[in-house]
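In: structure, please.
(2 chains, ligands or ions: 3)
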Amino acid sequence: MTAIHSPAQRVWWKQPLDRVEGTWIVIAFVWCLVMFFMMPYWHIYGKQNLSNEAYRTTPEAYVAKTQAMVDKYTVRTATEQNIPVVHPVPGSDVYLIARLWNFWPILELEEGQTYKLHIMSTDWLHGFSLQPENINVQIHPGYEHVMTITPTKEGTYSIICNEYCGINHHTMASKLYVVKPKKS
Amino acid sequence: MAVNRNFRTCPSTGLVYHEPAEKLIRWNAVAGVVSLLVGGVLALLVTLTRWPAVKLLPPDWFYLALTAHGLDMLVFWIIFFEIAVLYFAASTLLKCRLATPKVAWAAFWLMIVGALMNNFAVFKGDSSVMFTSYVPMGAHPLFYLGLILFAVGALIAVFVFFGTLVVGKAEKTYNGSVPLVTFGAITAAIIATFTIAAGAIILIPTFLWSVGLVSHIDSLMYRTVWWGFGHSSQQINVAAHVSVWYAIAAIVFGAKPMSEKVSRMAFVLYILFLQLASAHHLLADPGLTSNWKIFNTSYAMYLAVLASMVHGLTVPGAIEVAQREKGFNKGFFEWLRKAPWGNPCFSGMFISLVGFGFLGGISGVMMGTEQLNLIIHNTIYVPGHFHATVVVGTTLAFMALTYFLIPTLFRRELMFPGMAKWQPYVYGLGMCAFSVFMMGAGTLGVPRRHWDMAFSGAILPHEFPGTAYLMMGIMAVSGIAAVVGGAMYLLITVGSVFFGRKIETPGFKRVPVREGMAPPPAPVAVAPAGHGAIGLGGFVAPGTFVLAMIFLVSFVLYYFVNWKYLSTVWPMN
Ligand code: HEM
Ligand SMILES: [Cu+2]
Ligand SMILES: [Cu+2]
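Out: Numbering: from 1, shown residues only, chains lettered A, B, ... in the order given. Ligands and ions are numbered 1, 2, ... in the order given. Below you'll find the predicted structure:
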């Protein structure tokens, strides 16, 4: 009987598998296993993994840390708003605040160097979307997320918010500069 | 207590309808279609706003319309229709009276009140929080209350469904096991029970928070529990539309499942492994370990993916076998060429199946991979993916089923049959193109839920490449084509249901039945056997197998292309 009738045979589970189904199940299962093992494989051999390092903190504490970095490393300001542009030393902790509706401060990093980038929101959910690399991370309030990043190529990048955060969501964008390392 | 046992037998399909069940199926389906109408108008507005050259609405109206579109479509249209499908699968397919019709009506009205209340809150303008309503962004209390009432109503309806199964068993209205389609509906209902519970766990405190009784809701906890609800509810849709595929294969072709065992096992895999799949919505979130993410995405997801891959083979496989047994046994694809492509019930179902698999399925698995999610998260790729699953997959399957239901359930002739022939193509293919170009724009970084990809008014705007604008433009045009297809569907269904010619059959009457239905025929004691001498090289459905292999190759290629792409972005960990 068809799929809208009760099976004609009471012991339907004894009907032998058709070869088509059996073969496909094996193939599909193997493929699912491959996809499964790709994830741990990439954790070991791949270079792009989202860090799990995150701390619970308060907006005040986080803003204070960011302010300290800004005081230490500001090299110039940009735009009419005088947003500080910071150029922290390679390998250091870099802080970025996401809030309604901007990112603060502007970061200037060196090509080929590794940084510990901290991001957190001080109000609602926001998104960290680095363009045109297209790296996308969720930003939560109260969770300081720490990831190690290594810019590979000099240039001007954009950070845009890609989590809906209210009426001016579409204006929440900033820059990230990657420059050649200074010769010392 | 007097139990209403008026039944009628549909003269053209032989299906048996219990009077109160029939009414409930109709009303739930109609409520769904009304939601689809509202959601469709909003779809047009939203699409025209995301078309960079048009940018129709101002931002506040855009976010309002987007919130309402998500809710009216994903929640109200889909769930109302699903309740209709559940009642049909239990009462009609089991030839059984619906348990407690009064309670079912209470459920229906609760859902209506909830849906209206929620829409009221959104259209009032202070609840443009998207259907996900992530805290700490808050909506009006009525927004949450409406959703809670709707969910409670839906839960009660699900219990009426289970009650009907119990009645069918007790009154022996069927013999042996329930039909496969009913089995699929049971899968959907079981998942729904868990899902709605998760929804209540998160929405009730959020409602209390919105009225000031709870002081703080953690944003990560919210996203975790919310997706326990939000994702699993997509599994209800998958289980429901897969059941509809099987039903249409049975209705149009008289197709038997290739093997009951395989199809039922695949449904069981959904129940076992989809519950935890909320994890893949949190892959880009801080504070969750990779082990948790990998475990939940893989264990939970890949076995469910396996189940979908199995259904994706067995549904067309069953059709192929039925066609070959009818004599279309030449070569690999005669069965498919000779399929009734002019029957919207079939063409809709087939486009739904292929689109769901190739576009929705492959993109979903790719996105759900822990690391690959980094290059996708919250881009417009995501709505591209789910319009392929929930619109091409679920919505189109439900539309296809409607073409069958209008004559048998509403007893009206289809109006505009010529238009109906084309409707699945316009809607389905429009939507496929829409999804593809959304995904294309997403790989270029265009964000979802975003009023202006040119960042007007921003101090430091980002400039997207011209290709991204082009893709958004083509996306919008395809979206408009799909809206036209949706309008055709609404015209045909509303027209037929209200103005279609009544189907009158001489001698038609409802039969009161006191002691349940006439006993069902006893199952034949045939020995379980395989299929006859059809197919090629020992494969009964070689054409389907070839299609499956094409699917697999596309899948593998696309999957690894994305890993390749990931390997070129900035190293991070
Ligand atoms: C003709 C048909 C449709 C068109 C043209 C359409 C168009 C769109 C567009 C342009 C967006 C906005 C994407 C963004 O900016 O992020 C969207 C979002 C969405 N659509 Fe559709 N849609 C259609 C049908 C449907 C259907 C039938 C469903 C559900 C069954 C659906 C569910 C959704 C959902 C859940 C969202 C996301 C809302 C959000 O991000 O909060 N759509 N749609
Ligand atoms: Cu933001
Ligand atoms: Cu935003």
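In: part of a helix, is B:L86?
Out: Yes: assessed with DSSP: H, G, I helix; E, B strand; the rest coil, B:L86 lies in a helix.
In: farthest residue from the center of chain B?
Out: B:I459 (41.2 Å; Cα atoms, centre = their mean).
In: so what strands line up beside the helix or strand of chain A with the lowest mean pLDDT?
Out: The helix or strand of chain A with the lowest confidence, counting by mean pLDDT, DSSP states H and E, is strand A:54-56 at a mean of 87. Here strand A:54-56 has these sheet partners by DSSP bridges: strand A:143-149 (antiparallel).
In: list the contacts of the strand it pairs with.
Out: A:50-51, A:53-57, A:62, A:93, A:114-120, A:137, A:139, B:219-220, B:286-287, B:570-573 (Cβ atoms under 8 Å, 6 or more residues apart in numbering or on different chains). Just so you know, the C-beta spots here come from the backbone N, C-alpha and C atoms, and that holds for glycine as well.
In: give me the buried entries from these.
Out: A:50-51, A:54, A:62, A:114-120, A:137, A:139, B:219-220, B:286-287, B:570, B:572-573 (16 or more other Cβ atoms under 10 Å in any protein chain shown).
In: strands - which of these land there?
Out: A:A54, A:Y115, A:K116, A:L117, A:H118, A:I119, A:M120, A:V137, A:I139 (DSSP state E).
In: for B:G176, state which of those is nearest.
Out: A:V137 (53.0 Å; Cβ to Cβ).
In: which members of the contacts of strand A:143-149 additionally contact ligand 3?
Out: Filtering the contacts of strand A:143-149 for neighbours of ligand 3 using Cβ under 5 Å from the ion leaves an empty set.
In: rewinding a little: how near is the nearest residue to the residue farthest from the centre of chain B once chain neighbours are set aside to A:A173?
Out: With Cβ to Cβ, 6 or more residues apart in numbering or on different chains as the criterion, B:I459 has its nearest non-adjacent residue at 5.2 Å, and that residue is A:T79. As judged by Cβ to Cβ, to the nearest Å, A:T79 and A:A173 stand 12 Å apart.
In: quick check: neighbours shared by those two?
Out: B:I459, B:L460.
In: quick one, helices of the stretch 401-550 of chain B?
Out: Using DSSP state H, counting those that start in this stretch, the helices assigned to the stretch 401-550 of chain B run over residues B:417-443, B:466-499, B:542-566.
In: what is the burial count for B:N175?
Out: By the measure other Cβ atoms under 10 Å in any protein chain shown, the count of residues near B:N175 is 15.
In: next up, the contacts around the closest residue to ligand 3 within the stretch 151-300 of chain B.
Out: Closest to ligand 3 within the stretch 151-300 of chain B is B:S219: 13.8 Å, counting by Cβ to the ion. Contacts for B:S219 were tallied using Cβ under 8 Å, 6+ apart; they are A:L125, A:H140, A:P141, A:G142, A:Y143, B:Y134, B:V135, B:P136.
In: ok, B:R97 to B:L44 distance?
Out: For B:R97, the distance to B:L44 - Cβ to Cβ - is 42 Å.
In: equivalent analysis for B:C10, please.
Out: Counting by Cβ to Cβ, the gap from B:C10 to B:L44 is 36 Å.
In: give me the most central residue, chain B.
Out: Centre-nearest of chain B using Cα atoms, centre = their mean is B:T394, 2.9 Å out.
In: which parts of chain A are strands?
Out: Going by DSSP E, chain A shows strands at A:54-56, A:74-78, A:83-86, A:93-99, A:102-104, A:106-110, A:115-121, A:126-131, A:135-139, A:143-149, A:155-160, A:173-179.
In: for those, which one sits closest to ligand 2?
Out: strand A:126-131 (3.4 Å).
In: please name every helix or strand in contact with that closest one.
Out: Packing contacts for strand A:126-131, counted by 3 or more Cβ pairs under 8 Å, 6 or more residues apart in numbering or on different chains; DSSP states H and E, involve strand A:93-99, strand A:135-139, strand A:155-160.
In: and that strand, average pLDDT?
Out: Strand A:126-131 carries an average pLDDT of 96.
In: what lies in contact with that strand?
Out: Contacts of strand A:126-131 (Cβ under 8 Å, 6+ apart): A:96, A:98-99, A:119, A:135-139, A:157-163, A:165, A:172, A:176, B:377-379, B:445, B:447, B:462, B:464, B:570.
In: what's the neighbour count on the residue in chain A that ligand 1 sits nearest to?
Out: For chain A, the residue closest to ligand 1 is A:Y164, as judged by Cβ to the nearest ligand atom, at 7.3 Å. A:Y164 has 27 neighbouring residues, counting by other Cβ under 10 Å.
In: surely it meets B:T67?
Out: No: contact between A:Y164 and B:T67 fails when scored by Cβ atoms under 8 Å: they sit 9.3 Å apart.
In: residue ranges with poor pLDDT in chain B?
Out: B:1-4, B:274-280, B:287, B:292, B:294-301, B:507, B:513-532 (pLDDT under 70).
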